[in-house]
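1. pasting the sequence and the predicted model now:
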Amino acid sequence: MTTSTSVWLATADPPRYERINADVRSGVLVVGGGIIGLTTALELQLTGADVVLLEADRIGARTSGNTTGKVTSQHGAIYAALADRHGLETAGQYAAANQTGVERVAELVDRFAIDCEFARTPAFVYATDETDLRHEADVAAKLGLPAQYADPAELGLPLTATGVVRFDDQGQLHPTRYLAGLAQAFTQAGGRIFENTRVTALSADDDGITAETEPGAVVQAQHAIVATLLPIGILGGYFARTRPQQSHGIAVRLPVPAPAGMAISANGPTRSTRPWPGGGPNGLIIVGSDHEVGDQTDTDDAYRKLTDWASSLWDHRIEPEYRWSAHDYSTPDHLPYVGKAPGSPILVATGMHKWGLSNGTVASGILRDLVLDRANPFSTLYDAGRIGDAHAVAGLVKDNLKVGKEFAAGHLRRLLGGGLDHLEVGEGGLYDVNGHTVGAYCDHDGQLHTVVPVCTHLGCPLRWNQGDTTWDCNCHGSRFTAEGAVLDGPATTPLAKPELGE
């Protein structure tokens, strides 16, 4: 039987922290308890700062607890493209930043003795088409990365690869246990964590930053860092400068020992693999079936494709033990945004391109140094206020035209026929009820859940995600539970409930 949750969240029991119940003052407020938020909070607390961290759910409950757990500067076949687009110097800075991130994770694991299955392992990128990976290997090596062209047999995957690049001495870990270790180190250093405390608004004046929370308490701080996947609300306008990308994952046990290294395909459809220690010697994590949030109507199919791929490779019917999805944001120039939000003293970090363990750890160093008013070698590279090159501007225009079409098209093309009496157990979607569009889901206990399927961020129509039983916004990536609670922002307000009448 397949469990619909991240293998990492299912196999760890991180410490619990109370919900905020009174107003709080601090030197630094960090919003978000994922990789970036926890690492930044710890880094600042270790310098003697007074830090408070607020998490809307539990530590690592969303994207950071659903990552692949790869700690690597090997981000697919990207370095030749980065060099072509931005030049060797910029590509080299990105390479150095992420290799620094890998080593910083290893240092934190060692320093605080975090029991998170951290292991050094090679990371491969492979092609099964005409992609020139020899050039990729040459560029990556020229940039100072531990990269070399490799023998396809080293992959350990039963497929025909036309080229392989190996990055040596990379890492993998159990992300939820790593986050738990960071949280414990942070609180032992004097930091304060409040879970189940959603920030609904942030404001700045001459006295500092004020955060309003869903429980009603107010937090005041001299500095504020928003590390919430995408900044909440309209802060910095990042909702219009990024695109939400979703990936799906499965944890399986193969009929033979799993490949020892991490791997990712250079050509589509993306397939990313890594060993799963908790599954024994045959355990493997497979991630892929990428698409934009809210862009795919049959998300069950995304999981089927991963399962079918594994079954065909090993000629054995494989059933996942766990399945889950996560999303992150991409930027038009393929570099994260980290720093001061335009027009605001609030610091932000977003656009990690699904490589949050390395990119996010680099981001934490930049954010720490901005608070402490000291230089960081990567702050200009990740500048949160940049517009980007001509390609980036063109990408922004294209993306925002797509968002405009979402607003204009509304629900008309997706409305299901009939009323709620046609809803089967386990089924959800959009229904016409007395002339009104209603979002509905009938859970496996037969209970009906209804919402107004309009995103509370900026009013985009929502799409039902059958595979994850969520309401997803294709405009800016907000996601909601079947009951309407916010899972991921930039939205901060639950979905409204429809008045069904008689």
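-> In hand now; what should we look at? This one's a predicted model, so the numbers in the text were calculated from it and none came from an experiment.

2. residue 271 - how many residues pack around it?
-> Using other C-beta atoms under 10 Å as the criterion, residue 271 is surrounded by 22 other residues. C-betas here are computed from N, CA, C, even on glycine.

3. so it touches residue 290, yeah?
-> No: applying C-beta atoms under 8 Å as the test, residue 271 and residue 290 come out as separate, 10.0 Å apart.

4. residues in contact with residue 118?
-> Shown here is residue 118, whose contacts under the criterion C-beta atoms under 8 Å, 6 or more residues apart in numbering are 71, 105-106, 109, 171-173, 178.

5. CSV please, covering the residues you listed and showing neighbour count.
-> Compiled in CSV, the contacts of residue 118 are given as follows (neighbours: other C-beta atoms under 10 Å):
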residue, neighbour count
71, 30
105, 25
106, 16
109, 20
171, 21
172, 25
173, 24
178, 31
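
6. quick one: which of these is nearest residue 332?
-> Distance ranking of these against residue 332, using C-beta to C-beta, places residue 71 first at 25.9 Å.

7. for this protein, which segments count as helices?
-> Counting by DSSP state H, residue ranges of the helices within the chain are 7-10, 35-46, 79-86, 88-111, 133-142, 175-188, 299-314, 356-371, 390-409.

8. out of those, which is the most enclosed?
-> Compared across these, helix 35-46 shows the largest average neighbour count, a mean of 27 (mean count of other C-beta atoms under 10 Å).

9. could you list every helix and strand in contact with it?
-> Helices and strands touching helix 35-46, as assessed by 3 or more C-beta pairs under 8 Å, 6 or more residues apart in numbering; DSSP states H and E, comprise strand 24-31, strand 51-54, helix 175-188, helix 356-371.

10. Serialize the ones you listed to JSON lines and add fields for mean pLDDT and distance to residue 320.
-> As requested, the helices and strands packed on helix 35-46 are arranged in JSON lines below (pLDDT from 0 to 100; distance: least, C-beta to C-beta, whole Å):
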{"stretch": "strand 24-31", "mean pLDDT": "98", "distance to residue 320": "33"}
{"stretch": "strand 51-54", "mean pLDDT": "98", "distance to residue 320": "33"}
{"stretch": "helix 175-188", "mean pLDDT": "98", "distance to residue 320": "18"}
{"stretch": "helix 356-371", "mean pLDDT": "97", "distance to residue 320": "23"}
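
11. just list whatever residues bridge to residue 481.
-> Residue 481 has the following beta-bridge partners by DSSP bridges: residue 470.

12. quick one: contacts for it?
-> Residues touching residue 481, when contacts are defined by C-beta under 8 Å, 6+ apart, comprise 469-471, 487.

13. same question, residue 305
-> For residue 305, the contact set (C-beta under 8 Å, 6+ apart) comprises 269, 288-289.

14. the residues you listed, buried ones only, as a ChimeraX selection?
-> Selecting only the buried entries of these in ChimeraX, with 16 or more other C-beta atoms under 10 Å as the criterion:
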select :288,289
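
15. contacts only, for residue 360.
-> With C-beta under 8 Å, 6+ apart as the criterion, the residues that contact residue 360 are 34-36, 39, 64, 101, 349, 352.

16. repeat that for residue 175.
-> With C-beta under 8 Å, 6+ apart, residue 175 has these contacts: 8, 35, 60, 64-65, 67, 69, 116, 357.

17. which one of those is nearest residue 460?
-> Distances from residue 460 to those, taken as C-beta to C-beta, are shortest for residue 64 (25.2 Å).

18. next, count neighbours for the closest one.
-> Counted with other C-beta under 10 Å, the neighbours of residue 64 add up to 29.

19. go on, residue 67?
-> 28.

20. now residue 336
-> Applying other C-beta under 10 Å, we find 30 other residues in the vicinity of residue 336.

21. ok, residue 169 next?
-> One way to gauge burial is a neighbour count; for residue 169, by other C-beta under 10 Å, it gives 14.

22. contacting residues for it?
-> Counting by C-beta under 8 Å, 6+ apart, residue 169 makes contact with 120, 122, 146.

23. how about the residues you listed in TSV, adding distance to residue 156, pLDDT and neighbour count?
-> Formatted as TSV, the entries for the contacts of residue 169 read as follows, by distance: C-beta to C-beta, whole Å; pLDDT from 0 to 100; neighbours: other C-beta atoms under 10 Å:
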residue	distance to residue 156	pLDDT	neighbour count
120	16	98	12
122	10	98	19
146	19	98	17
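
24. tell me which of the helices and strands packed on helix 35-46 approaches residue 159 most closely.
-> With C-beta to C-beta as the yardstick, what comes closest out of the helices and strands packed on helix 35-46 is helix 356-371 (25.8 Å).
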